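K.L.:
here is a sequence with its predicted model. Questions after.
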Amino acid sequence: MTKIEQVADEQMVKNALGEEEYDELAEPPMAMEEGNFPYGEALWPKIKAAMKEIYDPEIPVNIYELGLIYKVMIHPEEQNVSDVSVIMTLTSPGCPVAQEMPEWIRDAILPIEGVGQVDVEIVWDPVWDPSLMAETAKMQLNMFM
């Protein structure tokens, strides 16, 4: 896999767009599909923020805006905790962090108060391609389509 060079950083894009427009453009296409993300759930903003702290080591964009997260489910609360399931992909099957990435996500979400177990599953369908990136990620990488 070829390393993609970052052109602008997150703060540069925020400065250019303004915070509100940045937030709207930071949503990947999968986030727009009904039922893929648990909008309205109290834990969702914290889970999303945790995932946005994880970066692909070869592409300097967080995994959420990169479009690697396909679905997040927060299961019904039991004893004041909810289990979380994440379905994701990688940029390629040969990704050098294929074994570590699910652990990074699990380790980022587990400390959130109210989270029980975290299950992370890697899938290959649909295959990831740059069209799955949020507009902010495309701007940071100068990849306009």
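P.N.:
Thanks, I have the structure now. Numbering: from 1, shown residues only.
K.L.:
what's the neighbour count on the residue nearest to Asn62 when sequence neighbours are not counted?
P.N.:
Leaving aside its chain neighbours, Asn62 sits nearest to Lys52 (4.6 Å; criterion: CB to CB, 6 or more residues apart in numbering). Where C-beta positions appear, they are placed from N, C-alpha and C, glycine not excepted. Residues within reach of Lys52, counting by other CB atoms under 10 Å, total 17.
K.L.:
please name the residues that touch Lys52.
P.N.:
62-65 (CB atoms under 8 Å, 6 or more residues apart in numbering).
K.L.:
all helices for the protein, in order.
P.N.:
For the chain, applying DSSP state H gives helices covering 10-17, 19-25, 29-32, 44-51, 101-109, 135-141.
K.L.:
in the contacts of Lys52, find the pair that's most separated.
P.N.:
Pairwise distances across these (CB to CB) peak at 7.8 Å, for the pair Ile63 and Glu65.
K.L.:
and the gap between the residue most central in space within the chain and Glu77?
P.N.:
Geometric centre of the chain, nearest residue: Tyr64, 1.7 Å, by CA atoms, centre = their mean. Computed as CB to CB, to the nearest Å, the Tyr64 to Glu77 distance reads 23 Å.
K.L.:
same thing with Asn62?
P.N.:
For Asn62, the distance to Glu77 equals 27 Å [CB to CB].
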